[in-house]
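Colleague: Structure here, sequence nowhere to be found:
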């Protein structure tokens, strides 16, 4: 903001970074969950280890949680006074 960035660009940057980290974690988690499901296939009575709706629901819930958790810090980043931020550096 001290260099002229509008508040919406700061908000978008913070949200984009947090969602990129979350998406990589979700992708890794889905791969590991699939592998674990295949390994424990005998213990899953009546449920497929590659149940697509379950994986989709888990990914959507994780993404929604990450978005909800990053909105407050993003809004806080927009409210920072540029003079105070430069002074702190």
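Modeller: Arrived safely. Because the structure is predicted, anything quoted here is derived from the model rather than measured. Numbers count the residues shown, from 1 in each chain.
Colleague: Give me the secondary structure label for residue 45.
Modeller: With DSSP: H, G, I helix; E, B strand; the rest coil as the basis, residue 45 sits in coil.
Colleague: just the helices in this structure please.
Modeller: 7-39, 52-79, 82-88 (DSSP state H).
Colleague: least reliable of those helices going by mean pLDDT?
Modeller: Ranked by mean pLDDT, these end with helix 82-88 at the bottom, a mean of 75.
Colleague: name the helices or strands packed onto that one?
Modeller: Counting contacts by 3 or more Cβ pairs under 8 Å, 6 or more residues apart in numbering; DSSP states H and E, helix 82-88 packs against no other helix or strand. Placement of C-beta: from N, CA and C, glycine included.
Colleague: residues contacting the residue positioned nearest the centre of the chain?
Modeller: Nearest to the mean C-alpha position of the chain, counting by Cα atoms, centre = their mean, stands residue 22 at 2.8 Å. Neighbouring residues of residue 22 by Cβ atoms under 8 Å, 6 or more residues apart in numbering: 62-63, 66-67, 70.
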